[in-house]
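Asks: Sequence isn't available, so here's the structure alone:
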Ligand SMILES: Cc1cc2nc3c(=O)[nH]c(=O)nc-3n(C[C@H](O)[C@H](O)[C@H](O)COP(=O)(O)OP(=O)(O)OC[C@H]3O[C@@H](n4cnc5c(N)ncnc54)[C@H](O)[C@@H]3O)c2cc1C
C-alpha cells in the first residue's frame, strides 16, 4: 500500500486572529500540524502497519511548514516532501488541490490519499474533493472508520458519519479519503522518532518540479479573492448581581427578572 497524507501547517488552536491593514495575522503564535490531519497520518500508519507499504507526508506551504513534515516523520511516516514556491503565495483551494495532485502524480504509484476534513485556519473543507477531481479518483469524505481495505481486490469499505447515523460505502482504489475525529487516537512522536526526523532530509519541490502552470496558482490563478476580512464586533454584556438576605429571596428576585425579560 502506498499511502499519501496531506498535512497543513496551521496556527495553534489557541491563537488569536487579528486583522492588520486588511491582512489576517495570527501574530507570533506557534505553528502546529492541523489537528484534523493528525487523524489522517495516524490512519495511514495503522494501514501501513496492517498491509505493509509506505506512508508519505506532503504539504504545500512556506519554508516553516517543514516542521509539520518533521512531526509526520517523527510519528512514523517514511518520507516527506515540502512543496514551496514564491509563486504559490495567495493560492486558493483549487490551486492548492491542483498543486497537491501534481505532487501525488510525481510520487508515482499511490493507492490512497488521506486528508483531514478541514484546516482550522482556512476552514473551507474543499481541498479533498477538489484533489479527487484533479486526480480523477473516488472521494470519500467524513470518514469515521475504515472497515476494510483489500489491496489485492483494490477496494476500500468505510463508514461515513451522517447527521443521524452512519453510512457504509464501498469504493475502488485509488481513492481520496478525508477523515474526522473519532477514527483513531493519534499517537505521540517517540523520542527516537523526533531524533530521526531532525536528521532527515526533506526534499523540496517548486512549481517547475511539478509541472504546475504558474498562471493557475498563487494570487494570479486564484478564483477567490479576499477583498475584506473583519473581526466580529465585540458583544456588549451587562452583569447584574442579585442580592438578598436568603437564597429564597434571591431566587424569587431572579425569577421576577426572568419573567419580566420574558425568558421564562
Ligand atoms: C484568496 C486566498 C488567498 C490565500 N493566500 C494564502 C497564502 O498566501 N498562503 C497560504 O498559506 N494560504 C493561503 N490561502 C489559503 C490556502 O490556499 C488554503 O490552504 C487552501 O485554500 C486550502 O483551503 P483550506 O485551508 O480551507 O483547507 P481545507 O480544504 O479546509 O483542508 C482540508 C484538508 O486538506 C489538506 N490541506 C489543505 N491545505 C493543505 C496544504 N496547503 N498542504 C497540504 N494539505 C492541505 C489537509 O489535510 C486538510 O485537513 C489563501 C486562500 C485564499 C482563498
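Replies: That came in fine, so what should we check first? Small disclaimer: the values here were computed from a predicted structure and weren't measured.

Asks: residues contacting residue 184?
Replies: 39, 42-43, 46 (C-beta atoms under 8 Å, 6 or more residues apart in numbering). Using the backbone N, CA and C atoms, a C-beta is placed for each residue, glycine as well.

Asks: count of neighbours near residue 131?
Replies: The tally of other residues near residue 131 (other C-beta atoms under 10 Å) stands at 26.

Asks: Closest one of the contacts of residue 184 to residue 18?
Replies: Nearest to residue 18 out of the contacts of residue 184 is residue 39 (C-beta to C-beta; 28.8 Å).

Asks: ok, that closest one to the ligand distance?
Replies: For residue 39, the distance to the ligand (C-beta to the nearest ligand atom, to the nearest Å) stands at 9 Å.

Asks: Check residue 229 too.
Replies: On the measure of C-beta to the nearest ligand atom, residue 229 and the ligand end up 10 Å apart.

Asks: same question, residue 48
Replies: Per C-beta to the nearest ligand atom, residue 48 is found 17 Å from the ligand.

Asks: Who are the packing partners of the helix or strand containing residue 55?
Replies: Per DSSP states H and E, residue 55 falls inside strand 54-60. Helices and strands touching strand 54-60, as assessed by 3 or more C-beta pairs under 8 Å, 6 or more residues apart in numbering; DSSP states H and E, comprise strand 2-6, helix 35-51, helix 66-75, strand 79-83, helix 93-107.

Asks: pLDDT of that strand, averaged?
Replies: Strand 54-60 carries an average pLDDT of 98.

Asks: Would you tell me which residues of the stretch 151-264 of the chain are close to the ligand?
Replies: Contact residues (C-beta under 6 Å from any ligand atom) of the stretch 151-264 of the chain with the ligand: 222, 224-226.

Asks: Would you convert those into JSON lines that also reports distance to residue 150, pLDDT and neighbour count?
Replies: Shown next, in JSON lines, are these (distance: C-beta to C-beta, whole Å; pLDDT from 0 to 100; neighbours: other C-beta atoms under 10 Å):
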{"residue": "222", "distance to residue 150": "40", "pLDDT": "91", "neighbour count": "16"}
{"residue": "224", "distance to residue 150": "39", "pLDDT": "85", "neighbour count": "10"}
{"residue": "225", "distance to residue 150": "44", "pLDDT": "80", "neighbour count": "9"}
{"residue": "226", "distance to residue 150": "43", "pLDDT": "76", "neighbour count": "11"}
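
Asks: Reformat these as a markdown table; add distance to residue 167.
Replies: A markdown table is the format used below for those (distance: C-beta to C-beta, whole Å):
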| residue | distance to residue 167 |
| --- | --- |
| 222 | 34 |
| 224 | 30 |
| 225 | 36 |
| 226 | 35 |
